[in-house]
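Q: What would the 3D arrangement of this be:
(chains A and B)
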Amino acid sequence: MKELKVQPIKNGTVIDHITPGAALKVLKILDIPEQERDSIVSVVMHVEGKTGKKDIVKIENRELRAEEVDKIALIAPDATINIIRNYEVAEKHRVSIPDEIVGIVTCGNPNCISNAREPVTPRFVVKQRKPLRIQCAYCERELKDISAGLL
Amino acid sequence: MTFVGRDIVSIKDLSKEEILHVLDRAEDMVPAARGTEQNTLMQGKIMASLFFEPSTRTRLSFETAMKRLGGGVVGFAQPDATSLKKGETLADTIRTAEQYCDIIAMRHPQEGSARLAAEFAQVPVINGGDGAGHHPTQCLLDLFTIRKEKGSISDNRVALIGDLKYGRTVHSLAYALSLFQADIVFIAPQQLQMPSEVVEECQEMGARISFETQLETVIDDLDVLYVTRIQKERFPDPEEYNKVVGIYKVDLPLLEMAKEDVIVMHPLPRVYEIDSQVDGRPQAAYFRQAFNGVPVRMALISLVLGGIK
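A: The predicted model follows:
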């Protein structure tokens, strides 16, 4: 009998195929545990999937917004988002990384003009998708720690 | 190829053909840059020279370039006397300055500042250095100098020497030399060697790259010595600085070991890295290089403002 690690949820979101070890960063993006104090959040790390190890996050009674999905894409580019309604997968989509990332992460270079008090939104150009490498549109430095720069 | 209205923020904004075109037009500007010919191409035009941090050569040569073209210059050499002191953003300073000029030449201590200025300005912006970022006109005048002194850019073995890690000019120059498939030797102590992303980019472009820690081992095989200053402020520990500061000194005994027609370049200011006794030798190209900033900037300003094609 297959061991059941996490209970199915009635309503909410299941984020599957998260890069192994990145589940806690996903929680940070979703501002958990500050948000959803009344919902059950399940985190499973390093489970064996069809294509190797992965993390899974299940959040009851919350459907993710597009901008949250965009952020998750940056740290877990293979993640799939399953919206669950009444125990059924009502929507399923993969995260995708756009060519340009605007207003999601800040530049790690403290001397970059985008970190100064200027009327600009941080903007990054995607240099490479796998593994993800992004470059500030202003100072052109590559952002080494994407999760640390998340807004 | 058109330059009219374009911003020049990075050397990467220009293709190889465009770089060569700028150098050709700069060659035409040399007599006017020396003052032996009159030039009125930019008569009635005004350049805002916005220098948010100190500069000698870049600012003076930008301003000389505009004046040699018959144009006018407004601006400041340090931000203390401007509304930046009152907390004005760079974006607002740029949007104000452009009301009074046709083109902006700027230097700013923060990386990405010229890109930001170019986004906000309707008039063309030429980057005169943005922190540790780009300095495209320095790169153009370096290429101009190599071509003028050596007859071509590509057929040379060029050594970039000193602080290759933090040096703003050497990153752009390495890229540009790679465009011309030059043979490049990076000579630096291990802790100041060229960043790997710059090296990878150069290699992808087909440059022949090698690394050395000693100048003496390759000196007899070099055509161009591009010497840079090792900056004290980069070293948290003064002892570490003292270990590396004197290791690449170009002096007369070293020149004796070099090819007779080698040239010595330096973006200046120099401190210890070139002995003043070298100054009188024909190989010393660094003051000629400083002059070349004028015709190159004259060409660029004229191209961007449509005075020439």
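Q: near chain A, which residues of the stretch 1-150 of chain B show up?
A: B:10, B:87, B:89-91, B:108-113, B:115-116, B:119, B:130-133 (C-beta under 8 Å from any C-beta of the partner chain). C-beta coordinates here come from the backbone N, C-alpha and C atoms, glycine included.
Q: Could you tell me which of those belong to strands?
A: B:108, B:130 (DSSP state E).
Q: What's the ChimeraX line that selects buried ones from the residues of the stretch 1-150 of chain B next to chain A?
A: A single ChimeraX command selects the buried members of the residues of the stretch 1-150 of chain B next to chain A (16 or more other C-beta atoms under 10 Å in any protein chain shown):
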select /B:10,89,90,91,108,110,111,112,113,115,116,119,130,131,132,133
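Q: In helices only, show me the residues of the stretch 1-150 of chain B next to chain A.
A: Mapping the residues of the stretch 1-150 of chain B next to chain A onto helices (DSSP state H) picks out B:90, B:91, B:113, B:115, B:116, B:119.
Q: Which of the three states applies to the residue most central in space within chain A?
A: In chain A, the centroid-proximal residue (C-alpha atoms, centre = their mean) is residue A:72; its distance is 1.4 Å. Following DSSP: H, G, I helix; E, B strand; the rest coil, residue A:72 is assigned to helix.
Q: Outline the domain layout of chain A.
A: A:12-94, A:100-149 (automatic domain parsing).
Q: May I have the residues that are in contact with residue B:220?
A: Shown in contact with residue B:220 (C-beta atoms under 8 Å, 6 or more residues apart in numbering or on different chains): B:257, B:258, B:259.
Q: Does the last one touch residue B:222 like I think?
A: When you say that, I think you mean residue B:259. Yes - counting by C-beta atoms under 8 Å, residue B:259 does reach residue B:222; the two are 6.9 Å apart.
Q: Looking at these two, which is more packed in?
A: Using other C-beta atoms under 10 Å in any protein chain shown as the criterion, residue B:259 and residue B:222 rank with residue B:222 on top: 23 against 14.
Q: For residue A:20, which non-adjacent residue is closest in space?
A: Using C-beta to C-beta, 6 or more residues apart in numbering or on different chains and skipping residues adjacent in sequence, the residue nearest residue A:20 is residue A:53, 4.3 Å away.
Q: got the contact list for the helix or strand in which that neighbour is found?
A: Following DSSP states H and E, one finds residue A:53 within strand A:52-60. Identification of contacts with strand A:52-60 by C-beta under 8 Å, 6+ apart yields A:6, A:9-23, A:26-27, A:30, A:32, A:36, A:39-47, A:76.
Q: List the buried residues of whichever helix or strand residue B:290 is part of.
A: If you go by DSSP H and E, residue B:290 is part of helix B:286-304. For helix B:286-304, the buried set under the neighbour-count rule, 16+ other C-beta under 10 Å, comprises B:286, B:289-304.
Q: again with stretch B:149-166
A: Residues of stretch B:149-166 classed as buried by neighbour count (16+ other C-beta under 10 Å): B:149-150, B:153, B:156-165.
Q: Around chain B, pick out the residues from chain A.
A: Checking chain A against chain B by C-beta under 8 Å from any C-beta, the hits are A:107, A:109, A:111-114, A:116-120, A:136-142.
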